[in-house]
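*Asks:* After the sequence you'll find the predicted model.
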Amino acid sequence: MKSEFFPEAEEEFREAVRYYENEAAGLGLTFVAGVRKAITFITENAYAVVPVGSGIRRKVLNHFPYSLLYAVESELIVIVAVAHQKRRPRYWKGRIKEIRERQG
């Protein structure tokens with residue numbers, strides 16, 4: 001399966017990379033590697049992660065307090081949010097309508 005980020009999720013990802021890179025040189029790249037590893041897992045095992053509701057699933061990252069929230073479309077994983085686990089819970093729920101419209 002292929003994967004793509006919602007524009008908002010891509011921006012969240014970039015912001016987190018910048019934050020970690022500002023904290024310590026190379027940490028942003030470590031975060032990128034962790035996200036890529038999680039994406040590889042979910043593209044190979046899309047249904048292995050427990051759903052959190054409304055067709056959205058959550059893959060918790062290793063070593064970072066972030067989760068990838070995603071939806072499975074026919075042959076595509078749509079990453080809806082790159083969400084910090086302790087900030088703004090469920091802020092991404094407003095994006096579910098867009099997912100449903102895409103699935104048509």
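*Replies:* Yes, it's here.
*Asks:* Can you verify Y19 is assigned to a helix?
*Replies:* Yes: Y19 forms part of a helix when assessed by DSSP: H, G, I helix; E, B strand; the rest coil.
*Asks:* Let's see the pLDDT reported for it.
*Replies:* Note on Y19: pLDDT of 97.
*Asks:* Show me what the mean pLDDT comes to for the helix or strand in which F31 is found.
*Replies:* Using DSSP states H and E, F31 falls within helix 27-44. The average of the pLDDT scores along helix 27-44 is 98.
*Asks:* With stretch 62-74 instead?
*Replies:* Mean predicted confidence for stretch 62-74 is 94.
*Asks:* buried stuff in that stretch?
*Replies:* The neighbour-count check on stretch 62-74 (16 or more other CB atoms under 10 Å) flags F64, Y66, S67, L68, L69, Y70, A71, V72, E73 as buried. Glycine gets a C-beta too; all of them are placed from N, C-alpha and C.
*Asks:* how far does that stretch sit from the chain's center?
*Replies:* Between the centre of stretch 62-74 and the centre of its chain there are 4 Å (CA atoms, centre = their mean, to the nearest Å).
*Asks:* Identify the residues contacting it?
*Replies:* 1, 3, 9, 16, 20, 30-31, 34-35, 37-39, 42, 46-47, 52, 55-61, 77-86, 92, 99, 102-103 (CB atoms under 8 Å, 6 or more residues apart in numbering).
*Asks:* Show the pLDDT at the residue nearest to E8 when sequence neighbours are not counted.
*Replies:* Once flanking residues are discounted, E8 sits nearest to R95: 6.7 Å by CB to CB, 6 or more residues apart in numbering. Note for R95: predicted pLDDT of 78.
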